[in-house]
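# Dropping a prediction and its sequence here:
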Amino acid sequence: MIAAPDRTPLPREFFDRPVLEVAPDLLGRTLVRSTPDGPIRLRLTEVEAYDGPNDPGSHAYRGRTARNAVMFGPPGHVYVYFTYGMWHCMNLVCGPDGMASAVLLRAGEITEGAGLTRTRRRAARNDKELAKGPARLATALDIDRALDGTDVCAGPPSPLSILTGTPTPDDQVRNGPRTGVSGEGGGHPWRFWIANDPTVSPYRAHKPRRRST
DNA sequence: ATATCGATGTTCT
DNA sequence: GAACATCGATATG
(Lines give C-alpha, C1' and ligand atoms only; values in the text may rest on other atoms or scores of the structure.)
Protein backbone atom coordinates (compact mmCIF):
# COMPACT_ATOMS: atom_id res chain seq x y z
CA MET A 1 0.00 0.00 0.00
CA ILE A 2 1.04 3.59 -0.53
CA ALA A 3 1.40 5.65 2.58
CA ALA A 4 -0.65 8.84 2.53
CA PRO A 5 1.51 11.93 2.84
CA ASP A 6 1.24 13.86 6.09
CA ARG A 7 -0.92 16.93 5.92
CA THR A 8 -0.25 18.52 9.29
CA PRO A 9 2.65 20.95 9.48
CA LEU A 10 5.11 20.61 12.35
CA PRO A 11 3.82 22.72 15.26
CA ARG A 12 5.64 25.83 16.39
CA GLU A 13 6.76 24.00 19.54
CA PHE A 14 8.92 21.80 17.31
CA PHE A 15 11.06 24.82 16.45
CA ASP A 16 10.86 26.38 19.94
CA ARG A 17 13.78 24.30 21.25
CA PRO A 18 17.58 24.66 21.28
CA VAL A 19 18.78 24.74 17.69
CA LEU A 20 21.16 21.81 18.26
CA GLU A 21 18.14 19.65 19.11
CA VAL A 22 16.04 20.84 16.21
CA ALA A 23 18.69 20.52 13.50
CA PRO A 24 19.17 16.71 13.56
CA ASP A 25 15.44 16.24 14.16
CA LEU A 26 14.71 17.94 10.82
CA LEU A 27 16.53 15.25 8.83
CA GLY A 28 14.07 13.08 6.93
CA ARG A 29 11.24 15.62 7.25
CA THR A 30 9.43 16.91 4.20
CA LEU A 31 9.39 20.54 3.13
CA VAL A 32 6.49 21.42 0.84
CA ARG A 33 6.73 24.35 -1.55
CA SER A 34 3.39 25.25 -3.10
CA THR A 35 3.65 26.75 -6.57
CA PRO A 36 0.97 27.71 -9.09
CA ASP A 37 1.96 24.65 -11.13
CA GLY A 38 1.77 22.25 -8.19
CA PRO A 39 3.65 21.20 -5.08
CA ILE A 40 7.36 20.49 -4.82
CA ARG A 41 8.34 18.16 -2.01
CA LEU A 42 11.82 17.95 -0.53
CA ARG A 43 13.04 15.37 1.97
CA LEU A 44 15.76 17.05 4.04
CA THR A 45 19.08 15.18 4.14
CA GLU A 46 21.60 17.81 5.30
CA VAL A 47 21.36 20.86 7.61
CA GLU A 48 23.61 23.16 9.63
CA ALA A 49 22.90 24.83 12.99
CA TYR A 50 23.70 28.50 13.64
CA ASP A 51 23.52 29.41 17.32
CA GLY A 52 23.11 33.19 17.28
CA PRO A 53 24.60 34.92 20.32
CA ASN A 54 27.40 32.38 20.90
CA ASP A 55 28.28 31.65 17.32
CA PRO A 56 30.83 33.72 15.35
CA GLY A 57 29.69 31.93 12.18
CA SER A 58 26.12 33.18 12.46
CA HIS A 59 24.71 36.15 10.62
CA ALA A 60 23.15 37.17 13.95
CA TYR A 61 26.47 37.26 15.82
CA ARG A 62 26.96 40.99 15.37
CA GLY A 63 23.41 41.90 16.23
CA ARG A 64 20.18 42.67 14.47
CA THR A 65 20.15 44.31 11.05
CA ALA A 66 17.53 44.76 8.34
CA ARG A 67 18.80 41.60 6.63
CA ASN A 68 18.73 39.22 9.61
CA ALA A 69 15.76 40.68 11.52
CA VAL A 70 13.65 37.54 11.05
CA MET A 71 16.24 35.49 12.97
CA PHE A 72 15.44 37.56 16.06
CA GLY A 73 11.72 36.88 15.78
CA PRO A 74 9.58 33.88 16.73
CA PRO A 75 10.50 30.30 15.73
CA GLY A 76 9.05 28.49 12.73
CA HIS A 77 9.67 31.31 10.27
CA VAL A 78 11.97 31.33 7.24
CA TYR A 79 15.13 33.45 7.09
CA VAL A 80 16.29 33.91 3.48
CA TYR A 81 19.53 35.67 2.58
CA PHE A 82 21.19 36.63 -0.68
CA THR A 83 24.86 35.80 -1.06
CA TYR A 84 27.80 35.81 -3.49
CA GLY A 85 25.93 38.24 -5.68
CA MET A 86 23.64 35.62 -7.20
CA TRP A 87 22.32 32.99 -4.79
CA HIS A 88 19.79 32.62 -2.04
CA CYS A 89 19.94 30.34 0.99
CA MET A 90 17.14 29.34 3.31
CA ASN A 91 16.99 28.85 7.09
CA LEU A 92 14.37 27.91 9.68
CA VAL A 93 14.37 30.08 12.79
CA CYS A 94 14.58 28.13 16.08
CA GLY A 95 14.45 28.81 19.80
CA PRO A 96 12.22 31.28 21.63
CA ASP A 97 11.38 34.72 20.28
CA GLY A 98 14.55 36.83 20.45
CA MET A 99 17.01 33.89 20.44
CA ALA A 100 18.30 34.47 16.86
CA SER A 101 19.28 30.87 16.12
CA ALA A 102 18.46 29.09 12.87
CA VAL A 103 19.04 25.98 10.78
CA LEU A 104 20.44 26.34 7.26
CA LEU A 105 18.81 23.84 4.89
CA ARG A 106 21.78 22.52 2.91
CA ALA A 107 20.48 19.62 0.83
CA GLY A 108 17.63 17.26 0.21
CA GLU A 109 15.93 14.80 -2.10
CA ILE A 110 13.16 16.08 -4.36
CA THR A 111 10.38 13.53 -3.87
CA GLU A 112 7.70 15.27 -5.91
CA GLY A 113 7.73 17.97 -8.59
CA ALA A 114 11.25 17.37 -9.91
CA GLY A 115 10.02 18.49 -13.32
CA LEU A 116 8.95 21.82 -11.85
CA THR A 117 12.51 22.49 -10.65
CA ARG A 118 14.20 21.70 -13.95
CA THR A 119 13.75 25.12 -15.57
CA ARG A 120 15.72 26.71 -12.73
CA ARG A 121 18.14 23.81 -12.26
CA ARG A 122 19.32 23.25 -15.82
CA ALA A 123 22.84 22.59 -14.62
CA ALA A 124 21.80 19.54 -12.60
CA ARG A 125 23.00 16.41 -14.38
CA ASN A 126 20.72 14.07 -12.45
CA ASP A 127 17.93 14.24 -9.90
CA LYS A 128 20.33 13.83 -6.99
CA GLU A 129 21.91 17.20 -7.83
CA LEU A 130 18.64 19.16 -7.93
CA ALA A 131 18.98 20.26 -4.29
CA LYS A 132 22.55 19.18 -3.42
CA GLY A 133 23.82 22.36 -1.74
CA PRO A 134 22.07 25.26 0.00
CA ALA A 135 21.83 27.61 -2.97
CA ARG A 136 20.77 24.77 -5.26
CA LEU A 137 18.07 23.82 -2.77
CA ALA A 138 16.75 27.38 -2.64
CA THR A 139 16.89 27.67 -6.44
CA ALA A 140 15.06 24.39 -6.93
CA LEU A 141 12.27 25.57 -4.63
CA ASP A 142 12.16 29.07 -6.15
CA ILE A 143 13.04 30.76 -2.85
CA ASP A 144 14.10 34.39 -2.70
CA ARG A 145 13.94 37.33 -0.31
CA ALA A 146 10.23 37.74 -1.05
CA LEU A 147 9.70 34.64 1.14
CA ASP A 148 11.80 35.98 4.03
CA GLY A 149 9.68 35.71 7.18
CA THR A 150 7.25 33.09 5.85
CA ASP A 151 5.63 31.05 8.62
CA VAL A 152 6.11 27.34 7.89
CA CYS A 153 3.74 26.33 10.71
CA ALA A 154 0.71 28.08 9.21
CA GLY A 155 -0.10 25.45 6.58
CA PRO A 156 -2.07 26.17 3.39
CA PRO A 157 -2.31 28.62 1.74
CA SER A 158 1.21 29.34 2.97
CA PRO A 159 3.74 28.87 0.15
CA LEU A 160 5.94 26.81 2.48
CA SER A 161 5.34 24.27 5.21
CA ILE A 162 7.23 21.45 6.91
CA LEU A 163 5.29 18.25 7.23
CA THR A 164 5.84 15.68 9.87
CA GLY A 165 7.29 12.89 7.78
CA THR A 166 9.52 10.18 9.15
CA PRO A 167 12.31 11.37 11.42
CA THR A 168 15.72 9.81 10.92
CA PRO A 169 16.87 7.28 13.55
CA ASP A 170 19.79 8.57 15.61
CA ASP A 171 22.12 5.85 14.35
CA GLN A 172 21.66 7.13 10.79
CA VAL A 173 22.58 10.74 11.67
CA ARG A 174 26.16 11.91 11.16
CA ASN A 175 27.69 15.25 12.13
CA GLY A 176 30.85 17.20 11.41
CA PRO A 177 32.26 20.68 10.84
CA ARG A 178 30.17 23.25 9.00
CA THR A 179 30.88 23.87 5.33
CA GLY A 180 32.36 27.19 4.32
CA VAL A 181 32.56 28.65 7.82
CA SER A 182 35.91 30.23 8.69
CA GLY A 183 37.57 31.23 11.95
CA GLU A 184 36.42 30.24 15.43
CA GLY A 185 32.95 29.29 14.24
CA GLY A 186 34.41 26.69 11.91
CA GLY A 187 35.35 24.36 14.74
CA HIS A 188 31.86 23.39 15.80
CA PRO A 189 30.56 20.05 14.45
CA TRP A 190 27.15 21.52 13.76
CA ARG A 191 26.55 20.14 10.28
CA PHE A 192 24.18 17.16 10.33
CA TRP A 193 23.38 14.74 7.53
CA ILE A 194 21.87 11.35 6.82
CA ALA A 195 24.51 8.62 6.50
CA ASN A 196 25.20 7.41 2.94
CA ASP A 197 22.52 9.56 1.36
CA PRO A 198 23.44 10.40 -2.25
CA THR A 199 21.88 13.89 -2.11
CA VAL A 200 24.21 15.18 0.64
CA SER A 201 26.58 17.87 -0.64
CA PRO A 202 30.36 17.31 -0.65
CA TYR A 203 32.23 18.92 2.24
CA ARG A 204 34.33 21.90 1.27
CA ALA A 205 36.55 23.60 3.83
CA HIS A 206 36.50 27.37 3.78
CA LYS A 207 39.07 28.79 1.36
CA PRO A 208 40.13 32.43 1.51
CA ARG A 209 40.26 33.82 -2.00
CA ARG A 210 43.15 35.62 -3.59
CA ARG A 211 42.43 39.23 -4.23
CA SER A 212 42.52 40.46 -7.77
CA THR A 213 44.05 43.95 -8.34
C1' DA B 1 37.54 12.04 -9.07
C1' DT B 2 39.79 16.82 -7.39
C1' DA B 3 41.44 21.72 -8.18
C1' DT B 4 41.05 26.35 -9.61
C1' DC B 5 38.78 30.44 -10.94
C1' DG B 6 35.29 33.97 -12.34
C1' DA B 7 30.70 35.69 -11.58
C1' DT B 8 27.84 38.88 -9.24
C1' DG B 9 25.90 42.43 -5.34
C1' DT B 10 25.04 43.13 -0.34
C1' DT B 11 26.96 43.78 4.07
C1' DC B 12 30.27 45.18 7.01
C1' DT B 13 34.91 47.36 8.28
C1' DG C 1 37.72 47.83 -0.02
C1' DA C 2 37.19 42.91 1.56
C1' DA C 3 34.58 39.22 2.82
C1' DC C 4 30.87 36.40 1.87
C1' DA C 5 26.80 29.97 5.40
C1' DT C 6 28.23 29.33 -3.26
C1' DC C 7 27.98 27.47 -7.87
C1' DG C 8 29.17 26.17 -12.64
C1' DA C 9 32.64 25.86 -16.16
C1' DT C 10 37.00 24.35 -17.21
C1' DA C 11 41.23 21.79 -16.78
C1' DT C 12 43.34 17.82 -15.45
C1' DG C 13 44.11 12.73 -13.09
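All right, it came through fine.

# CA atoms for contacts and neighbours, from now on please.
Will do.

# Smallest gap between chain A and DNA strand B, at which residue?
Proximity of chain A to DNA strand B (C-alpha to the nearest atom of the strand) peaks at A:Gly85, 3.4 Å away.

# Phi first, then psi, for that residue.
Dihedral pair for A:Gly85: phi 70, psi -10, per degrees, to the nearest 10.

# which parts of chain A sit against DNA strand C?
Chain A comes close to DNA strand C at residues A:50, A:57-60, A:83-85, A:87, A:89-91, A:102-104, A:121, A:123-124, A:132-137, A:179-182, A:206, A:208-211, as judged by C-alpha under 7 Å from any atom of the strand.

# just the buried members of these?
A:50, A:57-60, A:89-91, A:102-104, A:121, A:132-137, A:179, A:181 (16 or more other C-alpha atoms under 10 Å).

# Flag the shaky bits of chain A, pLDDT-wise.
Along chain A, segments meeting pLDDT under 70 span A:1-5, A:184, A:208-213.

# Show me which residues of chain A sit near DNA strand B.
Within chain A, the positions near DNA strand B by C-alpha under 7 Å from any atom of the strand are A:59, A:62, A:65-67, A:82-86, A:212.

# out of the residues you listed, which are inside strands?
A:82-83 (DSSP state E).

# Make JSON lines out of the residues of chain A next to DNA strand B and add distance to A:Thr117.
Shown next, in JSON lines, are the residues of chain A next to DNA strand B (distance: C-alpha to C-alpha, whole Å):
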{"residue": "A:His59", "distance to A:Thr117": "28"}
{"residue": "A:Arg62", "distance to A:Thr117": "35"}
{"residue": "A:Thr65", "distance to A:Thr117": "32"}
{"residue": "A:Ala66", "distance to A:Thr117": "30"}
{"residue": "A:Arg67", "distance to A:Thr117": "27"}
{"residue": "A:Phe82", "distance to A:Thr117": "19"}
{"residue": "A:Thr83", "distance to A:Thr117": "21"}
{"residue": "A:Tyr84", "distance to A:Thr117": "22"}
{"residue": "A:Gly85", "distance to A:Thr117": "21"}
{"residue": "A:Met86", "distance to A:Thr117": "18"}
{"residue": "A:Ser212", "distance to A:Thr117": "35"}
